Structures are given as C-alpha cells and as structure tokens.
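1. quick one, fold the following:
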Amino acid sequence: MFTPEREAHSKPISTDNVQSNPSPTGIAKTLVSQLLEKQNTFGSKALTASTTSAESSYRPRQTEPPALSKEAEPTKRARLGAESPPAAVTTSAAVTATPAEAAGTPCVDLAVPQPAVASTTGLGPAVSSSVLQNAISDALAPLSEQIRGEIRNLHLDIIRQGFMYQEQIRTLRQECSEARMLRQEIDRLRRENEQLRRYLCLAWKLGRLNHVAIAVPDMAQASSFWKNVMQAEKVSDSIPMPEHGVYTVFVELGNTKIELLHPLGDKSPIAGFLAKNKQGGIHHICLEVPDIVAALGTLKVCGVRPLSETPKIGAHGLPVVFLHPKDCGGVL
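-> Numbering: from 1, shown residues only. The predicted model follows:
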C-alpha cells in the first residue's frame, strides 16, 4: 500500500509550463523546479539535480515504473490517464526505489526526453527539416529549369551574334581591301595623267593673239566707225558664213585684227548673244597655236570642255575650236 509520502513522490510531473517553453533548456529547468517543490512536500533531503548539467547535456535514462500493489494499480492508471500531458510535448518523470532509498534516503531519478528534430509551431503539425528541404527543392525545380533554358538561349544568341559580327568584319575587310586597291589605281592614273599633261604641254606653245571678235547689231554702222572714225588700215567687205551662222568683217590693225560679227539666220549664236546684249560687245578672242589637235587634247585632259569634238574651218580658212566660256573665266 502507498503511504502519503510515497503517493506524492509518485505523482506525475505537470507539463503545462513545458509546453509553453519547448526548448531543451526550458524543459530541464521546469522539471527541476517541480521536483524541488515535491521534495519540500514530503520533507526529504535536498534533491540532487544540477541545472547546469541538464542544460549542457541531458540524455534520457529509461527507468521502469515502481511496482505497485494490485489494489493501487487501477487507481494509479486512472489518475495517470486523467493527468496525461498534451500531445504536443510529451514528458515523463519516473520515481523508483533506489538502493539509497531502500536504506532510508529518498532519491528521485529524472528522465528528460530528447527533443524531436521536427519543429513545432502553433500554425500546424511538426514538419521535419528533410521534408521541408524536399518541398523547397520541388518548388524551385521548374524555376531552375526555366533559368537554365534562358541561359542556354542567351548563349546561343551570343554565338549567333558572334558569327554575324565575324561575317560583317570579313565583309568590311574585303571592302577596305578593294577601296585600298581602287585608291592605288586612282593614284596611278593621276600620275600618268600628270605625265601626259606635261608631254602635251611640250607638244605645243601658245602663240599670239589672232583677233578679237565683236558682235554688232548693225554691220554697216560698225564698219563705218572702224574705217572713218578709228582710221583702221583696212576694213574688209561683209562675208557671209552659213556654216557658222554669221556675217564677218575683218578690221586690219598693226599687230592683230578685229572681227565684226552679225547674225545670219534665226538660229545664229550671235542672235542669242545680241538678245542679251542689245548694243553688242566682245563675243570671243582667238589665239594661235602650232598644233591645234595637241592643244585640244591637252585642254581636254585639263578639264576644259570644247564646244565641238573636232576642229572646224574658220573665216581665214584655218581650223578653229571654240572652248566653253565657263571653263575659261567667262570668255569664249
């Protein structure tokens, strides 16, 4: 049969405070505090329990419950069932008779359970770290595969752009090579042109002034002026030249001539000149050269445009070539 002291000694330890502080240190402190209270109740000696030792290392020791008599066993089971702790945290304290107690010295053995690896929160049941890690890995797997695909596509784009840039660089190098060759060819032609110009310049020299041509609206009045007023040595008669579309009169001077021009027909170039200059004026000047063909070739090389590709026979029966006034300082 149980004595009052024995019954108080075998009463289960409350786990109400343990559930509020489920850490191993908190569990140990709570259990030690309850055991000290029980020791003061039945007046036994000080309970030998080291809080420091419980905080640093606690390993539960499996102990067997004390053997109860047949009359007290049903009552004990009923009381233990009514005072069973919540399912969230399970603790047990077993009191057994040790050799010291058998000798008259009461002693209490404390069995503290090892905390589970699972984390317990108020939001749901305990979840192990491995299950949580697997769940996170499963959730991140599609995202990881998508990132790998984007990186793979980015690498392919970089490779394609690299090939495209290489092709552009190859084309640019080829164009630069062609431009370099073209520049060399232009330089060669320029040198040859310069040599040809020097050769053509040596082939002919500019001679004296042959005559100055003046367009006049009235041929009779102009002839009378040079003959009677200017006292010219000789003034020729008016000579028609249908191939040039003009009438011509030559005024002989001591060192040169003056050619008077009057339109012959509606398509005469002198008619257009007089339309712009009602009173007439200097139309062109004529210079002598020893070789007109060589002179024409040199002038073409120098960029002077002739009004005809080949020389024509002029008023004196000699070949003549008219040059564009825009290439000769505004003078024909």
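
2. any chance you could map the strands in the chain?
-> Assigned by DSSP state E, the chain shows strands spanning 119-121, 124-127, 209-215, 234-235, 239-241, 246-252, 257-263, 281-287, 312-313, 319-320.

3. want to try a markdown table for these, with mean neighbour count, mean pLDDT and distance to Gln168 as columns?
-> (Glycine included, C-beta is placed from N, CA and C.) Compiled in a markdown table, these are given as follows (neighbours: other CB atoms under 10 Å; pLDDT from 0 to 100; distance: least, CB to CB, whole Å):
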| stretch | mean neighbour count | mean pLDDT | distance to Gln168 |
| --- | --- | --- | --- |
| strand 119-121 | 12 | 44 | 60 |
| strand 124-127 | 10 | 51 | 58 |
| strand 209-215 | 19 | 91 | 62 |
| strand 234-235 | 15 | 90 | 77 |
| strand 239-241 | 12 | 89 | 66 |
| strand 246-252 | 20 | 92 | 64 |
| strand 257-263 | 22 | 92 | 64 |
| strand 281-287 | 16 | 90 | 57 |
| strand 312-313 | 12 | 84 | 57 |
| strand 319-320 | 14 | 87 | 58 |
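
4. who are the packing partners of the lengthiest helix in the chain?
-> Assignment by DSSP state H gives helix 129-203 as the longest helix of the chain. Here helix 129-203 touches helix 292-301, going by 3 or more CB pairs under 8 Å, 6 or more residues apart in numbering; DSSP states H and E.

5. any buried residues in the helix it packs on, and which?
-> Under the neighbour-count criterion of 16 or more other CB atoms under 10 Å, helix 292-301 has Ile292, Ala294, Ala295, Leu296, Gly297, Thr298, Leu299 buried.

6. and the fourth one, what pLDDT?
-> As summarised for this prediction, Leu296 has a pLDDT of 84.

7. what's the answer for the one 10 residues further on, then?
-> Confidence at Pro306, expressed as pLDDT, is 89.

8. who touches it in this structure?
-> Pro306 sits next to Leu296, Leu299, Lys300, Val321, Phe322, Leu323, His324 when contact means CB atoms under 8 Å, 6 or more residues apart in numbering.

9. distance of the spatially closest residue to the fifth one that is not a sequence neighbour from Leu323?
-> Think Phe322. Take Phe322 and drop its neighbours on the chain: the residue closest to it by CB to CB, 6 or more residues apart in numbering is Leu307, 4.3 Å away. According to CB to CB, to the nearest Å, Leu307 and Leu323 sit 7 Å apart.

10. what about the two, which has more around it?
-> Leu323 (18 against 12; other CB atoms under 10 Å).

11. correct me, but that one touches Arg305?
-> Yes. In this structure Leu323 lies within contact range of Arg305 using CB atoms under 8 Å: 7.2 Å.

12. what about Asp291, how many neighbours?
-> 13.

13. find the residue closest to it in space, skipping its chain neighbours.
-> Nearest one to Asp291, counting by CB to CB, 6+ apart, is Trp204 at 4.5 Å.

14. got a pLDDT number for Ile169?
-> 88.

15. before we move on, the earlier item: who's in contact with the residue nearest to Asp291?
-> Here Trp204 is in contact with Val289, Pro290, Asp291, Ala294, Ala295, Thr298 (CB under 8 Å, 6+ apart).

16. make TSV out of those residues and add distance to Leu260.
-> TSV is the format used below for those (distance: CB to CB, whole Å):
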residue	distance to Leu260
Val289	24
Pro290	27
Asp291	29
Ala294	31
Ala295	26
Thr298	31
